[in-house]
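In: show me the folded form of this:
(2 chains)
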Amino acid sequence: MSSFVMPTSSRFNGYASPAAVSTVGLRKSYGDKTVLDGIDLLIPAGSVFALLGPNGAGKTTVVKILSTLITADGGQIQVAGHDPAVDPQAVRGAIGVTGQFSAVDGLITGEENMLLMADLHHLSKREGRRVAAELLERFDLVEAAKKPASTYSGGMKRRLDIAMTLVGSPRIIFLDEPTTGLDPRSRHNMWQIIRELVSDGVTVFLTTQYLEEADELADRIAVLNDGRIAAQGTAEELKRLIPGGHVRLRFTDPAAYRSAASALRETTRDDEALSLQIPSDGSQRELRSLLDWLDSAGIEADELTVHTPDLDDVFFALTGSNQPNRNQEAVR
Amino acid sequence: MSSLSLTLRDSSTMLRRNLLHARRYPSLTLNLLLTPVVLLLLFVYIFGDVMSAGMGGGDRAAYIAYVVPGILMMTIGGTVVGTAVSVSNDMTEGIIARFRTMAIHRGSVLIGHVIGSVLQSIASVVLVGAVAVAIGFRSADATVLEWLAAFGLMALVALALTWIAVGMGMISPNAEAASNNALPLIVLPLISSAFVPVDSMPGWFRPIAEYQPFTPAIETLRGLLLGTEIGHNGWLAVAWCLGLTVLGYFWSKAAFNRDPK
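Out: Numbering: from 1, shown residues only, chains lettered A, B, ... in the order given. Below is the predicted model of the structure:
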């Protein structure tokens, strides 16, 4: 761990932790199935943290535990300075949660949903109306405000969901896969919304399946795989773990394939698929020199694809070894 | 904010939410009203003559008087089936997960449902009662106190059955299951003293009719409105209601506090 000291139990007892969220050895299982197998996290106040992982990695379980929806089986947890197991109401008072599945009341209108939240946060009538109107405006829901939320599109529901989460001005916001199922435009809108939240100084804990999303938004990223943290660090640190991108040349003619394979030395061969992989960062300069070189060598591939690192590569890099990465080594 | 005023404030917010649902989507409530009204008309106009003859003379008017208290109790049973369905629907909604992560009074979601449902039951009883009066039901010189007691009894029955229905809704994975689970609340009045006196039933069946909550409640209501003998039925009805309320309350609370999936 280069940038911070991992919390220890003495930290919890001594002075107030500056972390918005911290866990040590967080565990959860359902029956014999271990979902979380010792998770250590430390999220400084005011930062954006992304928990990255494939479906079924346990991301939602982490969010449910930290947001007091379910209880952990073991480990120490602090959210906004409180232990959810001891004082869940204090935790609830500091957090806002937007779950993976829309948490709006579909039977009533968007505006009524907002006023419901205002009432539950015990705002005065006038204050409630002001906050509701302001957030509906900010999330571009004014036109739809008088329609039942069940008639909203996926992107609108997600915006209403986040607007409702913000009514109580939470200091820590959990967003569980905020962009899953959204079209590209809505996804970019959502990213913009999340960036604005951060500029207001709140701590954001988000989960995602997309490396790109974590890269765009997060100060720190933890990769969750199979109930364990496979790696954590900044986006840059994580990317250094990923084997570089490559250019893939595919041939239909075995003879052309063989002559190209013998001419290109730094390649990975796939004789079955008649394809060659050449390491490349995918930059214009590298591609041009590669193409020039192929031309001068008289090699003509039937298909050329540029492959940039993605989440699959990260997972391959982090979890592909036979040795399970038990000690959660930080990325340097 | 003290815990009592937190309870009151959050519960009244949740109540407003439930009343808003009921106002926006009245079809469920109205459907549930249809059953007691149809049964009332059926038993009075189609079976009425035979029923009253079988019960030792009297005309159709006498049978109206006999059957209305049962129909009113049945109305409550039907209304709370709607409660079981809407609680079960509600629990599958993401908004409940949101409520669970907010610093609000934990039970307010359920209390909102219960109070909303009791109010709906009373409104339904008034509507069905109006139909009964329209076809000739008259109370035999019941005093104001007896009328108040009658309403109090019906509110108490509604409260008890609602808590049970909330529990049924909580443990049901979907609306269909909830409406199946709540079926006893419709069937029990059919096999009570609602339509015929328990004495007229076959001997082996009498205990089933007698030892269930609807019979003493109906007999008490009859006594209050028509001046028939109440006897031990009054205490029995109150005891049933209190017992079911406590049972339903703890059952629902335990189900709500269980970790959601």
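
In: the longest helix belonging to chain A packs against which elements?
Out: The residue-count maximum for a helix in chain A (DSSP state H) belongs to helix A:184-199. The helices and strands touching helix A:184-199, judged by 3 or more C-beta pairs under 8 Å, 6 or more residues apart in numbering or on different chains; DSSP states H and E, are helix A:154-166, strand A:203-208, helix A:211-217. Bear in mind the C-beta positions are built from the backbone N, C-alpha and C, glycine included.

In: of those, flag the one that's most buried.
Out: Highest mean neighbour count of the helices and strands packed on helix A:184-199: strand A:203-208, a mean of 25 (counted as mean count of other C-beta atoms under 10 Å in any protein chain shown).

In: how far does that strand sit from its chain's centre?
Out: From the chain centre to the centre of strand A:203-208 is a distance of 6 Å (C-alpha atoms, centre = their mean, to the nearest Å).

In: run me through the strand neighbours of that strand, direction for each.
Out: Using DSSP bridges, strand A:203-208 pairs in its sheet with strand A:48-52 (parallel), strand A:172-176 (parallel).

In: and it with helix A:184-199, angle?
Out: 150 degrees (axes from the mean of the first three to the mean of the last three C-alpha atoms, to 10 degrees).

In: one step back: right, so the strands paired with strand A:203-208: which one is the most enclosed?
Out: Sorting those by mean neighbours (by mean count of other C-beta under 10 Å), the first place falls to strand A:48-52, with a mean of 26.

In: partner residues bridging the residue of the stretch 201-332 of chain A found nearest chain B?
Out: Closest contact between the stretch 201-332 of chain A and chain B, by C-beta to the nearest C-beta, is at residue A:205 (12.7 Å). In this structure, residue A:205 bridges to residue A:49, residue A:174 when assessed by DSSP bridges.

In: what average pLDDT does stretch B:18-28 get?
Out: Across stretch B:18-28, pLDDT averages out at 86.

In: that one close to chain A?
Out: Yes. Counting by C-beta under 8 Å from any C-beta of the partner chain, chain A has neighbours in stretch B:18-28: B:20-21, B:24-25.

In: give the buried residues for that stretch.
Out: Residues B:18, B:20-22, B:28 are the ones in stretch B:18-28 that count as buried (16 or more other C-beta atoms under 10 Å in any protein chain shown).

In: from those, which two are the most distant?
Out: B:20 and B:28 (13.8 Å; C-beta to C-beta).

In: common neighbours of those two, please.
Out: Shared contacts of residue B:20 and residue B:28 (C-beta atoms under 8 Å, 6 or more residues apart in numbering or on different chains): none.

In: and for residue A:129, the neighbour number?
Out: By the criterion of other C-beta atoms under 10 Å in any protein chain shown, residue A:129 has 15 neighbours.

In: ok, now which ones touch it?
Out: A:115, A:118.

In: where do the helices of chain A begin and end?
Out: A:9-13, A:59-66, A:88-94, A:110-120, A:125-138, A:154-166, A:184-199, A:211-217, A:235-239, A:254-263, A:284-296, A:311-319.

In: and the fifth one, average pLDDT?
Out: Confidence over helix A:125-138 (mean pLDDT, whole number) is 94.

In: same deal with the third one?
Out: Averaging pLDDT along helix A:88-94 yields 94.

In: buried residues in it, which are they?
Out: In helix A:88-94, counting by 16+ other C-beta under 10 Å, buried: A:88, A:90-94.

In: touching chain B at all, that helix?
Out: Yes. Counting by C-beta under 8 Å from any C-beta, chain B is contacted by helix A:88-94 at A:89-90, A:92-93.

In: run through who's touching that helix.
Out: So helix A:88-94 is contacted by A:67-68, A:79-80, A:82-84, A:170-172, B:101-104 (C-beta under 8 Å, 6+ apart).

In: would you reformat these as JSON lines and include pLDDT and distance to residue B:139?
Out: Output for the contacts of helix A:88-94, formatted as JSON lines (pLDDT from 0 to 100; distance: C-beta to C-beta, whole Å):
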{"residue": "A:67", "pLDDT": "93", "distance to residue B:139": "55"}
{"residue": "A:68", "pLDDT": "92", "distance to residue B:139": "53"}
{"residue": "A:79", "pLDDT": "95", "distance to residue B:139": "60"}
{"residue": "A:80", "pLDDT": "93", "distance to residue B:139": "60"}
{"residue": "A:82", "pLDDT": "94", "distance to residue B:139": "59"}
{"residue": "A:83", "pLDDT": "94", "distance to residue B:139": "60"}
{"residue": "A:84", "pLDDT": "93", "distance to residue B:139": "57"}
{"residue": "A:170", "pLDDT": "93", "distance to residue B:139": "56"}
{"residue": "A:171", "pLDDT": "93", "distance to residue B:139": "61"}
{"residue": "A:172", "pLDDT": "95", "distance to residue B:139": "61"}
{"residue": "B:101", "pLDDT": "91", "distance to residue B:139": "51"}
{"residue": "B:102", "pLDDT": "93", "distance to residue B:139": "47"}
{"residue": "B:103", "pLDDT": "92", "distance to residue B:139": "49"}
{"residue": "B:104", "pLDDT": "92", "distance to residue B:139": "43"}
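
In: filter these to the buried ones?
Out: A:67-68, A:79-80, A:82, A:84, A:170-172, B:101-104.

In: was I right about the residue of the stretch 201-332 of chain A closest to chain B contacting residue A:43?
Out: Yes. Between residue A:205 and residue A:43 there is a contact at 6.4 Å, judged by C-beta atoms under 8 Å.

In: what residues are shared contacts of those two?
Out: A:21, A:49.

In: quick one on the thing from earlier: looking at the buried ones among the contacts of helix A:88-94, which are in strands?
Out: The members of the buried ones among the contacts of helix A:88-94 that map onto strands under DSSP state E are A:79, A:172.

In: nearest to chain A: which residue in the stretch 101-250 of chain B?
Out: Closest point on the stretch 101-250 of chain B to chain A, by C-beta to the nearest C-beta, is residue B:103, at 4.0 Å.

In: contacts only, for the nearest residue to residue A:252 once chain neighbours are set aside.
Out: Using C-beta to C-beta, 6 or more residues apart in numbering or on different chains and skipping the chain neighbours, the partner closest in space to residue A:252 is residue A:302 (4.9 Å). Residue A:302 makes contact with A:250-253, according to C-beta under 8 Å, 6+ apart.
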